[in-house]
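Undergrad: Need coordinates for the below:
(4 chains)
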Protein chains: 4
Amino acid sequence: MKTLTKETRVHRLPMSGPNDTAALAEKITEGFIVPAGIVAILGKTEGNGCVNDFTRGYAVQSLKTSLSQYLSQQALSNICFIMSGGTEGALTPHWIVIETVNIEATPSAEKALAVGHSITRDFLPNEIGTNVQLDIVAEGVRAAMAEADINDTNDVHFVQIKCPLITSERVRKAGGASEVATTDTLKSMGLSRGASALGVASALGEISDHFLSNAKIGTDTDLFSSRASCSAGVELMGCEIVVLGMSEMWSGPLAIEHTVMMDAIDMSSVLRLTDRALGHSQGQLREDQSQRVKAVLTKAEAAKSGFVRGQRHTMLNDSDVSSTRHARGFVGGLLGGIFGDTALFVSGGAEHQGPDGGGPCALIYEKE
Amino acid sequence: MKTLTKETRVHRLPMSGPNDTAALAEKITEGFIVPAGIVAILGKTEGNGCVNDFTRGYAVQSLKTSLSQYLSQQALSNICFIMSGGTEGALTPHWIVIETVNIEATPSAEKALAVGHSITRDFLPNEIGTNVQLDIVAEGVRAAMAEADINDTNDVHFVQIKCPLITSERVRKAGGASEVATTDTLKSMGLSRGASALGVASALGEISDHFLSNAKIGTDTDLFSSRASCSAGVELMGCEIVVLGMSEMWSGPLAIEHTVMMDAIDMSSVLRLTDRALGHSQGQLREDQSQRVKAVLTKAEAAKSGFVRGQRHTMLNDSDVSSTRHARGFVGGLLGGIFGDTALFVSGGAEHQGPDGGGPCALIYEKE
Amino acid sequence: MKTLTKETRVHRLPMSGPNDTAALAEKITEGFIVPAGIVAILGKTEGNGCVNDFTRGYAVQSLKTSLSQYLSQQALSNICFIMSGGTEGALTPHWIVIETVNIEATPSAEKALAVGHSITRDFLPNEIGTNVQLDIVAEGVRAAMAEADINDTNDVHFVQIKCPLITSERVRKAGGASEVATTDTLKSMGLSRGASALGVASALGEISDHFLSNAKIGTDTDLFSSRASCSAGVELMGCEIVVLGMSEMWSGPLAIEHTVMMDAIDMSSVLRLTDRALGHSQGQLREDQSQRVKAVLTKAEAAKSGFVRGQRHTMLNDSDVSSTRHARGFVGGLLGGIFGDTALFVSGGAEHQGPDGGGPCALIYEKE
Amino acid sequence: MKTLTKETRVHRLPMSGPNDTAALAEKITEGFIVPAGIVAILGKTEGNGCVNDFTRGYAVQSLKTSLSQYLSQQALSNICFIMSGGTEGALTPHWIVIETVNIEATPSAEKALAVGHSITRDFLPNEIGTNVQLDIVAEGVRAAMAEADINDTNDVHFVQIKCPLITSERVRKAGGASEVATTDTLKSMGLSRGASALGVASALGEISDHFLSNAKIGTDTDLFSSRASCSAGVELMGCEIVVLGMSEMWSGPLAIEHTVMMDAIDMSSVLRLTDRALGHSQGQLREDQSQRVKAVLTKAEAAKSGFVRGQRHTMLNDSDVSSTRHARGFVGGLLGGIFGDTALFVSGGAEHQGPDGGGPCALIYEKE
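TA: As a prediction, this is how the structure comes out:
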């Protein structure tokens, strides 16, 4: 006997530029994607991923324009558009469309990929990068878990967040330097990502709230979430939160697993992840395994220590190229080697997202 | 019964900056390196690896100053100083000192790591990137092979070359734009590397001279050497050539193997290389294997096609960061994952060095 | 007795980012700008002005979205949207809205600012940077002159053109490297600007067509227009052309003058221009003079010779920052000093626009 | 009747790269410069002027190597080598050699250019950017004034300082992030320059010590010296201080004047300076005036407010190019227009050196 359940579908689509939504339009026209079911669209766009990366806003504007022929403004405002700039090295710009469909399925004890989302209120400039942001994000994560029918925090495998940053103009609006966490726009991106990540850690019980305070944000690298992935962008003032996990209330062929890369060359953790998910623990995925991969979501960053396994890196001393760009390209190469694929969602700036110099890595895949 | 033979020793040493030769000085003081035996010093320095990368010249000046207390100017001028700029991602700046020592050894049929070198005459600006450079390099490779006692071209596993580039001032000296292969300094680096690589291919019999002409340099990506690695730099006007291979005339514990990465994510070829050399074909090297690695030498570049396995990359459209920087960091990440190490000599700009978007990769290691 | 004539109005408006069209919307709401009268909108946006500058496309998309509530798609497609990326140094991102209004005016012999525009057909990738583009642009300039009621080419003071560039993908579509003028995207921007500028020179009779050929484009710097200003961008495949000049058929308080900067430090030419227009020949404009300035439009570039008045510059050897970015910031500083203002439309890449290292400079101002 | 007095000579010399000391060697060979009289060598080198700018260290190493054939190590260590990276826009890399010679001259009441210098002790990493540095610099300035026979602080027109910065490695040596003023290397350059500048302000009585405290360094932009110019570099741990002013104890044809640019487009202040020094107050210097200019020394920076005269600039939001690079190029253009010359010593990062967004500007010139 079949009952009505929900299924999460994940579509990885190409883009020829931040404004290229043709692949999405085609999938909709062909009936493979139903606009009303779209929960979130992640985009790996080809900007610098830093303060003046307008590819993110451009991509969101393009998506909204494209979808506005199917959806009301109200419906559009309920979709999470999470753009992460930076396709360094051979990484490929791409969209990841996450869709929920209602289907009739035979009930089974097996868990399936579930998704939930929430959008917080806009922050004031002086709240960005502080405990206020942290607490509101934690609340948002719990709301998204509820939407995804996930009760056990262990069933949450990835929380993708888009969060705001501080610009010169926002400092001015806030009333000057003394009112905000930092006046350095690039640094504000780190604090905003960090506060968001600790919000996830709090909601998932990874860290007791007892240990969380303003003073820890951006400084105490021992505190981290192993499932948070946060991107900052100039184009919004609140946080958009997408929770991905496993739930027995959902059905369908997809699943999600995650690991934590302990440093920038931690291939072993990634191979353990592919082993759990795909039964693959060595070398590059075979083509049949590769086809089961629906999305790879990873965080990367330059170790603040200045060293990887005792050897010096130069990312933090490079005044020509941001360390976040270096880190994305490098970790992208490692993952590209394993997955045999370059359409990987590698996001930079992993403050409180995994240990110093490392980061969470999640894999959405088709069950066998 | 022992006879006098030659042995190649390879020392991988840290540097805290392009002028830090302290580790070399220490090794000399402690007797581990004899200055008179130094054939070549390779340096992976932390500049941008492009036209205005002065870390290469600074490193060479620092090495010469440091060694001048042990060696005459004449002896110094006979050492190949091959600096390659660019330690993108988590790559670690380091020196690779290649030394020849005369030792008494029991004759054996087993081949061992052999090294030979040569330094060509200075080129005129209008010869850079042309057949003239190609032919003179081919001659230089043959001279270096003779020095290394290598007769069979199959025993050559890596040819490292440092070559010149064209600057605005050199264009002027040459008598204007119409006299030189290109007036674009960055592009001239590619033509110079390409002409050098085809010189290697010619000397090693990889390509019949019949197919080589000015018109092919920099354009016909189907023509390539699988063992050439060329770096261009502003600090010299000729080529410095180091041939690394195996010879039964040499003894010692070291050996060299090579492979060709067919594209930027070709992990499989690298694992076949580690398998041949270290008996390791999956995941990251174990520590005992890692300790047998003496040097990793690789070329990386952005595929001119704009695609890797059918997926778009953005390296060639990025006007903020040179594609050579992107490629080094990305391939560095893949290799870092396998070797569990970041002191890798990944050099950018692989014109005619491996196929479009790929590049040769060599491994110097201790035999079991 | 009054008759119906045309008047050109020019509005310089601030933007807080490429998507900020609020100032335009406000002017329309307040009745200061009538959407139907808009002929062209120029935008100085804050991207890198090179290949991957998406601020230009983002700005155009934002303008079109904003204006679509007032204008049909047909009407919109007839407006020239000419975005030029790059606000290096203290330059200020801004819009310049050029509007034509029909007014009743007393006929007078005095000429006034006149504007005309035209949009060419899309080019094939293999036409970009060639004589085909040159000829079609020349035709477009003549069409725009006719619209502006300008018969005497001496009355044309500035021709602003937006032209296309070649990307990896367009090379592929064209059938490979041998089919296009260059496969180097950055270089293609220069060839496209150069072909457009020579098209202007042809139309204005500055150079006899006899001297124009494919071989001259991008190479013979002695051939130039003193009134062309061309920007290349990824967001279009044809050319958008705006002619600004003086016509006795037009009325109103505005006028335009131009000069040519002979090199990057040619302040004297600019002061001669302000003298002719504003009676100001020394130091910085007084506030009353400054208020009469409606727009400053200039081209800047790095001298290919590598020298300015015999002294070396490093712009062409800098692999971290494009020479076009260097040139815009530097010339912007010189102009900022004179005009006491930073909202200057300084556009980079002046191939065949003024002499090597120099560029045209036009001033739209209120007559006394 | 003549007596023995001192004269300051200033030689502006070209360089084709950071290691090109040929012009200096030639001047020495020809007898125009006596090595023993060299007090300081300033160099405007072509690096990025930020953390990983190795052109500074390379230039110093090259100068020392070149001068070591004339001077003992002891004598060399007493020369101030002050390299400032960054020749953005059309700025020209050059050396400024400052030499003291003893000459017989007829005593006169007229003051002449005087120079004095001092070198402080090395700082600990945790002293950089703090009051400790400030106080030691103030002491150093007083020592240099004494050497220059300047009693009246009004006679000091420029104090050029080279100061250290904090790197990842130095943070580690200091015992971690909590021990140093900042762990951000780029930011540490600003704090070090700021502490040095306030040290100058203290020594010159520009600001009462009462108002100076750690908390003000890098934050209170109302506190500034109108004569300090500070460059940070990785190549030293102490400060090198050169005081330039006017003294009746010195003789010779040279003099120095200074002004303060109040913002990035303050041409009027510069023209007042050229008026006082050369009787020139409008437009570009004539050639006879230009020949009397011996050196132009200026500081430039991006206004922290994000605005210049109410108009937005984008320098602080640009994650691809450091704001110091933007500011140098822009102000270089303004000065290039006035001086008709590009060999200008424009140095970036003007924390507490002039008002926010402005900076001191000094002119060494031949008296009429």
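Undergrad: Around chain D, pick out the residues from the stretch 51-200 of chain A.
TA: For the stretch 51-200 of chain A, the residues in contact with chain D (CB under 8 Å from any CB of the partner chain) are A:51-53, A:167-169, A:171-172, A:177, A:183-187. Where you see a C-beta, it was placed from the backbone N, CA and C, and this is true even at glycine.
Undergrad: Widest-spaced pair of these?
TA: Greatest spatial distance among those (CB to CB): A:53 and A:177, at 23.7 Å.
Undergrad: lowest-confidence helix or strand of chain A?
TA: Across the helices and strands of chain A, mean pLDDT, DSSP states H and E gives its lowest value to helix A:168-174, namely a mean of 84.
Undergrad: can that one be found next to chain C?
TA: Yes. For helix A:168-174, a contact with chain C is found by CB under 8 Å from any CB, at residue A:169.
Undergrad: Helix or strand next in line after that helix, which one?
TA: helix A:185-203 (DSSP states H and E).
Undergrad: Determine if any part of that following helix is in contact with chain B.
TA: No. Under the criterion of CB under 8 Å from any CB, helix A:185-203 makes no contact with chain B; the nearest approach is 14.8 Å.
Undergrad: residue boundaries of the strands in the stretch 201-350 of chain A?
TA: Assigned strands in the stretch 201-350 of chain A, in chain order: A:228-232, A:240-247, A:250-251, A:254-261, A:293-300, A:307-308, A:311-312, A:345-348 (criterion: DSSP state E, counting those that start in this stretch).
Undergrad: quick one on the thing from earlier: mind listing what's buried along the least confident helix or strand of chain A?
TA: Across helix A:168-174, burial judged by 16 or more other CB atoms under 10 Å in any protein chain shown covers A:168-172, A:174.
Undergrad: Secondary structure element for the residue of the stretch 1-150 of chain A at minimum distance from chain D, which one?
TA: Closest residue of the stretch 1-150 of chain A to chain D, CB to the nearest CB: residue A:50 (3.1 Å). Under DSSP H and E, no helix or strand contains residue A:50.
Undergrad: Please name the spatially closest residue to the residue in the stretch 251-368 of chain A that chain C sits nearest to (chain neighbours excluded).
TA: With CB to the nearest CB as the measure, residue A:320 is the residue of the stretch 251-368 of chain A nearest to chain C, at 4.4 Å. Distances taken as CB to CB, 6 or more residues apart in numbering or on different chains place residue C:320 nearest to residue A:320, at 4.4 Å, with adjacent residues excluded.
Undergrad: State the distance from that neighbour to residue B:184.
TA: Residue C:320 sits 16 Å away from residue B:184, taking CB to CB, to the nearest Å as the criterion.
Undergrad: before we move on, the earlier item: I'd guessed the residue nearest to residue A:320 sits against residue A:318; true?
TA: No. Using CB atoms under 8 Å, residue C:320 is not in contact with residue A:318; the gap is 9.9 Å.
Undergrad: next one: stretch A:115-128 to chain centre, how far?
TA: Relative to the centre of its chain, stretch A:115-128 is centred 15 Å away, using CA atoms, centre = their mean, to the nearest Å.
Undergrad: next one: stretch A:33-41
TA: Using CA atoms, centre = their mean, the offset of stretch A:33-41 from its chain centre is 17 Å.
Undergrad: Which parts of it count as buried, going by neighbours?
TA: Judged by neighbour count using 16+ other CB under 10 Å, the buried positions of stretch A:33-41 are A:33, A:35, A:37-41.
Undergrad: Identify, from the residues you listed, the entry nearest to chain B.
TA: When the buried residues of stretch A:33-41 are compared against chain B (criterion: CB to the nearest CB), the nearest one is residue A:41, at 18.6 Å.
Undergrad: Report the secondary structure state of the closest one.
TA: In three-state terms, and counting by DSSP: H, G, I helix; E, B strand; the rest coil, residue A:41 is strand.
Undergrad: Bridged to it, which residues?
TA: With DSSP bridges as the criterion, residue A:41 is bridged to residue A:81, residue A:97.
Undergrad: who's in contact with it?
TA: Contacts for residue A:41 (CB atoms under 8 Å, 6 or more residues apart in numbering or on different chains) come out as A:24, A:63, A:79-82, A:95-98.
Undergrad: Residue of the stretch 1-150 of chain A nearest chain B, please.
TA: Using CB to the nearest CB, residue A:89 is the residue of the stretch 1-150 of chain A that sits closest to chain B, at 2.7 Å.
Undergrad: how many neighbours does that residue have?
TA: Neighbourhood size, residue A:89 [other CB atoms under 10 Å in any protein chain shown]: 37.
Undergrad: That one falls within a strand, correct?
TA: No. The assignment for residue A:89, made by three-state DSSP, is coil rather than a strand.
Undergrad: Does it touch residue B:325 like I think?
TA: No. The criterion here is CB under 8 Å, and residue A:89 misses it with residue B:325 at 9.4 Å.
Undergrad: Tell me which residues touch residue A:202, please.
TA: A:134-135, A:138, A:209, A:212.
Undergrad: so how far is residue D:62 from it?
TA: 55 Å.
Undergrad: so what's the residue nearest to the spatial centre of chain A up against?
TA: Centroid check for chain A by CA atoms, centre = their mean gives residue A:160 as the closest residue, at 3.3 Å. Neighbour list for residue A:160: A:40, A:42, A:82, A:229-231, A:241-242, A:244, A:297 [criterion: CB under 8 Å, 6+ apart].
Undergrad: Quick check: bridge partners of it?
TA: residue A:229, residue A:242.
Undergrad: quick one: it from residue C:29, how far?
TA: In terms of CB to CB, residue A:160 sits 39 Å off from residue C:29.
Undergrad: ditto for residue A:255
TA: 53 Å.
Undergrad: So for these two, which residue has more residues nearby?
TA: residue A:255 (23 against 9).
Undergrad: Would you confirm that that one contacts residue A:364?
TA: Yes. In this structure, residue A:255 is within contact of residue A:364 by CB under 8 Å, at 7.5 Å.
Undergrad: Cool, thanks, talk later.
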